[in-house]
Every structure is written in C-alpha cells, then in structure tokens.
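next input, structure requested:
(12 chains)
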Number of protein chains: 12
Amino acid sequence: MSNHVYKHIELTGSSTKNIEDAVSGAIAKASASLRNIHWFEVVETRGHVENGKVAHWQVTIKVGFTLED
Amino acid sequence: MSNHVYKHIELTGSSTKNIEDAVSGAIAKASASLRNIHWFEVVETRGHVENGKVAHWQVTIKVGFTLED
Amino acid sequence: MSNHVYKHIELTGSSTKNIEDAVSGAIAKASASLRNIHWFEVVETRGHVENGKVAHWQVTIKVGFTLED
Amino acid sequence: MSNHVYKHIELTGSSTKNIEDAVSGAIAKASASLRNIHWFEVVETRGHVENGKVAHWQVTIKVGFTLED
Amino acid sequence: MSNHVYKHIELTGSSTKNIEDAVSGAIAKASASLRNIHWFEVVETRGHVENGKVAHWQVTIKVGFTLED
Amino acid sequence: MSNHVYKHIELTGSSTKNIEDAVSGAIAKASASLRNIHWFEVVETRGHVENGKVAHWQVTIKVGFTLED
Amino acid sequence: MSNHVYKHIELTGSSTKNIEDAVSGAIAKASASLRNIHWFEVVETRGHVENGKVAHWQVTIKVGFTLED
Amino acid sequence: MSNHVYKHIELTGSSTKNIEDAVSGAIAKASASLRNIHWFEVVETRGHVENGKVAHWQVTIKVGFTLED
Amino acid sequence: MSNHVYKHIELTGSSTKNIEDAVSGAIAKASASLRNIHWFEVVETRGHVENGKVAHWQVTIKVGFTLED
Amino acid sequence: MSNHVYKHIELTGSSTKNIEDAVSGAIAKASASLRNIHWFEVVETRGHVENGKVAHWQVTIKVGFTLED
Amino acid sequence: MSNHVYKHIELTGSSTKNIEDAVSGAIAKASASLRNIHWFEVVETRGHVENGKVAHWQVTIKVGFTLED
Amino acid sequence: MSNHVYKHIELTGSSTKNIEDAVSGAIAKASASLRNIHWFEVVETRGHVENGKVAHWQVTIKVGFTLED
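Numbers count the residues shown, from 1 in each chain, chains lettered A, B, ... in the order given. As a prediction, the model looks like this:
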C-alpha cells in the first residue's frame, strides 16, 4: 500500500476440469518467473467443445504484481 | 481453419450444482441437433435464490459451430 | 410478476474454495437481514494470490429483492 | 426453473406509433413460429426520420424461449 | 449545486401498460421512504411475455437523491 | 446509399409527457436548421423528479444527416 | 421501412486475403439459405498466425434480414 | 481477507476546487454513518459550468465496506 | 502538442470498394470545410447487402481537428 | 428544465499542469463562441510523455449547451 | 489445446497502405522475438491525417502466444 | 509516425497526494527500464480509504512505447 508501482499482464489458463483449475494453472505458471503476484481478475471464460462435451475450459485473467525496486 | 463459415447462437443452461454443470447442460442440449460445435464463451452468469440459498445457476453462453456445405 | 418494485444491491463474497462458494456466502449474509432475495448476477470475479496460489476467490454480485409494501 | 435450456434470438420490430408497439410487433411475429417465449430485453432503440418527424420507431430486442425436449 | 453528496440506488419497476409507467411506479415507491430524489437514469428495459404478448414491462433505473445533513 | 458522407450529432430533448415526445422534440428542433436528417438512435434516457413524480423525460439521441455537396 | 420484423444472426467468415473477403464469404454463405439479407455490422476482427504471418482473417458479423410473412 | 462480505454503494461528491476534493467529500460524508470503508473507484467525472468556468466538479464513486457480523 | 483545444466530429463514409476507401471519402469530404484534421478513429463498420453481395461498406469514424484561435 | 433542446460536442483540452486545467481550457475555448454551456463529462484522460515525465495532460470532455430559439 | 498457458500482449502497427498491412507489420515485428504466436484480435483502428488524406493507418491488436515450458 | 511498432503495457501507480502524482510515479518507474515511452491513457482510478480519508490514490494507466529495431 506504499508508493509501489504494479504491472498487469494478461494470461489464459486451460483445464479439462473446471474454471478454478484453469485460473490456478495460469497463476502457477506465471509465479515460476514472477515474484510478488498479488491479485487476478477474470477477463473472459471460454472453452473448446468436442463430441458435445466441454474438452477444455479456457479462462483469461489479468494478473497484477509489484515492480521491484 | 479453412474458408469455413461459423454461426454463433446464444443459450442459457441451468443447474442446481454449479457453473460448469450449467454450461455443460446447454452444450449437451445443443449438440443433440447441431453437429460441429467447436467452442463457447460465457456471456452472463446469474442465478435464482430461494430461502437464502442459490437454487439454480443460470449461465448464458455463445456457442460457435461450422455451417456445413 | 405483479406491480412489485425491486431493489438491487452489490455485494462481494469471498471464499478459499471456489467461485460458487463465494457467491453463496454473500447471499447467505444478505439473507440474514433481507427477506425476498430472488436473483443474483455475477458482476466481477477476482482473487488474491499468495505464494503462487489462489488464496481467496472474490466474486462481486448484484442481488435483487422485492421492496415490501 | 428446472434444468431447461433457453435460446435467445435478436429481432427488430418497427412501428409508426411508439416504442412499445414496435416491441409488441416483433414478439407477436416471433410467437407465430415459436412457443414458449418467456422474456425480452431491449438492445437498441432507433428510428427513421422523414420531413423532420419520426416515421418509424425501430426497436431491437433479445427474446428468450425454452428449447423443448 | 453546493457541496452536497448524492447517493444512487438501483430499482426495477414493472407495469402492464408501458415503459413510462414502470419508471413512475418505481419512483413513487422509492419516494415513500426517501425525500430528495432528483433524477433517474434508465439502465435496462426488459419484460415478460405470456401467450405472445408483453405481460409486464420491467424497467431498471438508477435513482439519485441528496444525503441529508 | 451512394457515396454520400453522413454526419452525426448528439442532442437531448425533454418532455413532460413521455420518451417518444422528448425524441420528437429534439428532431423537430434540429430539422429547423438541418435538412436531410435520416435516422436517430437513443443513447440515454434520463429524467428529473419533483415531489416523487417524473417532471421531465430527457432523452439523448444521436442524429444522422447527409452532408450536402 | 413498413412494419416488417427483422432477425439478426451472428456469423464468422474467414479468408486468407483480407477483412473484406472474410465478410463477403460469410454473407455469400448465408445468402444461399436466407433471402432478404439487408445489412451487416462487424462485431469482431481476429485472425490466426502461422510462422509470423497472418494465415486467416476471421471477421464476425451480425447480419440482418426480413422475416417473411 | 478472510471470509468477510463487502457491500458497495454509489455516491457523488461535488467540489468547487478539484476532482480529489469531490471524492474526499463523498467519503467523509459516508464515513459519518458507515464504519469499515476500505476502497473507492471513480465511476464518472462530470461538472457544472457557469459563465464559461467550471463551477462544480461532480465525481461519482463506488465505495466498498465490510458488512459487520 | 501545445495548449491547443481539439474538437471531434463523427462521420460515416461509404464505398462500394472497401473499408479504407469509405474512411478516405469521409475525411476528404470533411477536409473541404475543415482545416487541421489530425486523426481519426474507426467507431463502427457496417454495410448494405444486395443480392447476397456487399453493395456498400459504411464506416463511421470520429475525426479530430484543432480549433483555431 | 423546460422543453429546451440541448446539444453535446466533444472537445479535448491539454495542459502541462493537471487534469482540471486541461478541462477548464477546453471549456473556456468553447465558451468564446457558445453561450449557454451547462455541463461537461470527462470521456477520456490521456497524456504525452517526454523524457519519462508527463509533458501534457489531454482530457476529452463532452460538453452540453442549450440550443437557442 | 492441452494445459498450456497463453500470454497476450498489445501492439500497434502502422502502415501507409491499409489496415491489413498495419496488422501484418506488428505481427512480423513481434515474431522476431516471440515464437509461438497463434492469434490476434483487432482492438482499435485509428490513423493520422495529413492534407485531407490518411497518412498512416494505426491498428492496435492483442496478440496471443504460448508460454514455453 | 513512420512504420514503427508500438507496445502497450498496463501499470498502476499510487500516491498519497493526488491522481496526477500517481500517474507520474508509474511513468517514472517504467522509464527507468524503457526508453521511448510516448503516451499514456488512464484506465481506472481507485483508492484506499483509512479512517474516512483517502489514504492512497491508485491510478491504472496504459503506457505506449516504440519497439526498437
């Protein structure tokens, strides 16, 4: 909450299970290279359909992290 | 990915369980009459409340499918 | 469906589990003081991240209820 | 309110009289071929002007109906 | 126009007659408990359909009023 | 429909009667100085409230007219 | 301009050439089964990329046509 | 950050000085009756003009606060 | 880049050829009476269809120009 | 508040100082040729950057004024 | 379509020729440093005007690519 | 204005003083690692409240810079 500057990036995670799992996968991937991720916001929820069933949930999120000094 | 033409329709599925189940129900229903459904996008997530509890999740999706030749 | 008047309020529920649980928590809380809640609509889905994992899902909903006579 | 699936279509009705008449005309027309229309939502209100007067009100609505089993 | 603070609430009025009547009903209801309502803005116009006719116009408005000292 | 160029302007009409009358008033006023007005689109519907009643309907429209050669 | 009712459908056309060709392809396809198409509006312009080049332009349009009596 | 539920309300503050002062005035007014206000978001910035000068800045904010147990 | 004031107007150009030609036509027309046009932004892309072909591209642009002293 | 008709125009003011000064400059400029400006609404806030500093604030406003009889 | 994570970036390409060329230029530039670009979406189409003619088309796109393991 | 390609990133600056200071802080921080920042656009203005006062202004901006050859 001090005078930090935050940067936002946009990611899409995918999952065969559900929306929450797609979000978690994208955040885990981003955390491998970015420390200081604080929040996300869901921007879009889509999916692929195969044979009348949802094959993948694809959730696009905006992720915010602190720019380090 | 060739010069196909796709059509989009808008459906609302409902479920007493969760958001994913409401989406899957709408896609299953549409697949009974439409072959070639490829993707969906969540347009709106609503629900009905009874006695202080969510009685139904109602999820509106846009569904895309190939127009056959 | 008669000539009732409805009021909408905006709430954010949070949950460590999933999106549906965050919505249900907000509705349960509102129902403690408001009778006649009929529907909700998801306005925004966000969350907090700690150590590369989703710590809280935070879902903002618009809730509609009948104004009593 | 059970596990029905709903479909939405978009129509434009026109009327020389007023907005309500344009909406009612579009719904009457759609009802000739679709049973189970439950609701509508106004998407856009436009009109044509001739000689400085509104000649036609043109109201676009989204109409929702139950997909039958 | 002085340094007053205004609050906005969102209401839905319904009417079997027309859009204006649905708005007026919501404002009359709100005025029973709130003095100092100054303006409204139409947020959404919807309706219920029965037997191919508009059964109720449902108009959602944002209403602004002065917070008293 | 030929290679004409159209210009759009935004106007707000007001009326103590109803939405249609507010639109018609704005178009009549604009037609006094502009020939060739062809269409309008409703951008916003607001109003002023006095003593718990709608005192004025205020409807903002975008108006399109042909630029003359 | 009389009391006709219009219906809108949403299509995506694709083309290896350009945006205009993707639109024209979708309209040609729709015209094979629908008479009375009068207008379209571009809703979204996307594309696929292969080897650093645009492989397909994909343009989504809303198409309006008269419902016949 | 625990399982609290937050409520949002919408206020308009006005000031003859600047945007920040209009926001601060609305928050000070709301804080007189609401404890636990945590954040705000600017929704709209408007103003009144008199004699070619800005007479009042009017800033609408959404304010979030914790619902107490 | 100094303390100039810019005005924006909205125009629709039409062309039987393509989107770029519709934009260029609107700008050429506006330039006949307005000096100092600096930029444009595409607001809407529509068209008329005749016999299953695009008869006219109609592109609405917002145009910005310097108000002269 | 009587049956006046209002017109809206869109302007961008710029200032090296701050947002409020950019708005005031645009309104002062417009007032030189237009009497009866009553309100403005901020549509967009941008700026130019030179050498890592904000060189100009550029604020686009919609301005409303009464059309005289 | 597996559990990949995608990242989106926003670019503006410019061209003296047309919209498609501005998009292609931005994608070619991005492909020099990013492998695995799969799609783009047009976000905004603008341009600069000189002497009553379009001097540059400036098209902003969102570009999606796979984050490598 | 030549055939350069620009990239946009989204940042949030915060300040205890005002909106302009939050924007300037984010741009100063970004300029430490990025040359060629040309413009910004305000995307969102929020803030934190402590004890009925604005503790921090948090302004999210989109920043554009030239991709170097």
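
from here on, just use CA atoms for contacts and neighbour counts.
Noted.

A:Ala22: what secondary structure?
helix (DSSP: H, G, I helix; E, B strand; the rest coil).

residue contacts, it?
For A:Ala22, the contact set (C-alpha atoms under 8 Å, 6 or more residues apart in numbering or on different chains) comprises A:Thr12, A:Gly13, A:Ser14, A:Ser15, A:Trp57, A:Gln58, A:Val59.

closest to chain L out of these?
Using C-alpha to the nearest C-alpha, A:Thr12 is the member of the contacts of A:Ala22 that sits closest to chain L, with 16.8 Å.

and the helices in chain A, which stretches?
For chain A, the helices defined by DSSP state H cover A:19-31.

low pLDDT regions in it?
A:1-2, A:69 (pLDDT under 70).

say whether chain L is contacted by stretch A:40-49.
No - judged by C-alpha under 8 Å from any C-alpha of the partner chain, stretch A:40-49 stays clear of chain L, getting no closer than 13.6 Å.

sorry, back to before: just the buried ones from the contacts of A:Ala22?
The neighbour count (16 or more other C-alpha atoms under 10 Å in any protein chain shown) marks A:Thr12, A:Gly13, A:Ser14, A:Ser15, A:Trp57, A:Gln58, A:Val59 as buried among these.

what's the closest non-adjacent residue to the last one?
Nearest residue to A:Val59 in three dimensions, chain neighbours excluded: A:Thr45, at 4.6 Å (C-alpha to C-alpha, 6 or more residues apart in numbering or on different chains).

residues contacting the nearest residue to A:Glu50 once chain neighbours are set aside?
The shortest distance from A:Glu50 to any non-neighbouring residue, by C-alpha to C-alpha, 6+ apart, is to B:His38 (6.6 Å). Each residue near B:His38 by C-alpha under 8 Å, 6+ apart is listed here: A:His48, A:Val49, A:Glu50, B:Val63, B:Gly64, B:Phe65, B:Thr66.

let me know the closest of the residues you listed to chain L.
A:His48 (28.7 Å).

okay, now that closest one: neighbour count?
As a burial measure, A:His48 scores 21 neighbours (other C-alpha atoms under 10 Å in any protein chain shown).

so the closest residue to it other than its chain neighbours bridges to which residues?
Spatial nearest neighbour of A:His48, excluding adjacent residues (C-alpha to C-alpha, 6+ apart): B:Trp39 at 4.4 Å. In this entry, B:Trp39 is beta-bridged to A:His48, B:Gly64, by DSSP bridges.

coming back round to it: quick one: the residue nearest to A:Glu50 from chain K, how far?
Relative to chain K, B:His38 is positioned 12 Å away (C-alpha to the nearest C-alpha, to the nearest Å).

over to A:Ser24?
11 Å.

from chain J, how far out is that residue?
34 Å.

nearest residue to A:Glu41 other than its sequence neighbours?
According to C-alpha to C-alpha, 6+ apart, the nearest residue to A:Glu41 is C:Arg46 (4.1 Å).

thinking that neighbour is in contact with A:Thr60, fair?
No - using C-alpha atoms under 8 Å as the test, C:Arg46 is too far from A:Thr60 to be in contact (11.6 Å).

shared neighbours of these two, anything?
A:Val42.

ok, back up a step: measure the residue nearest to A:Glu41 to chain H for me?
13 Å.

do A:Ala28 as well
Per C-alpha to the nearest C-alpha, A:Ala28 is found 20 Å from chain H.

how about the backbone phi and psi for the closest residue to that residue other than its chain neighbours?
Spatial nearest neighbour of A:Ala28, chain neighbours left out: C:Gly52 (5.4 Å); criterion: C-alpha to C-alpha, 6+ apart. Note on C:Gly52: backbone dihedrals following degrees, to the nearest 10 are phi 80, psi 10.

C:Gly52 and A:Gly25 touch, don't they?
No - the pair C:Gly52 / A:Gly25 is not scored as a contact, 9.7 Å apart, by C-alpha under 8 Å.

tell me which entries of the buried ones among the contacts of A:Ala22 lie within strands.
Counting by DSSP state E, those place A:Thr12, A:Gly13, A:Ser14, A:Ser15, A:Trp57, A:Gln58, A:Val59 in strands.

and which of these is nearest D:Leu34?
Closest approach to D:Leu34 among those (C-alpha to C-alpha): A:Trp57, at 32.4 Å.

got the contact list for the most far-flung residue of chain A relative to its centre?
Most distant residue from the mean C-alpha position of chain A: A:Asn51, 26.9 Å away (C-alpha atoms, centre = their mean). Applying C-alpha under 8 Å, 6+ apart to A:Asn51 gives the contacts B:Ser31, B:Ile37.

how far away is it from I:Ser31?
As judged by C-alpha to C-alpha, to the nearest Å, A:Asn51 and I:Ser31 stand 56 Å apart.

for A:Glu41, same thing?
A:Glu41 is 44 Å from I:Ser31, by C-alpha to C-alpha.
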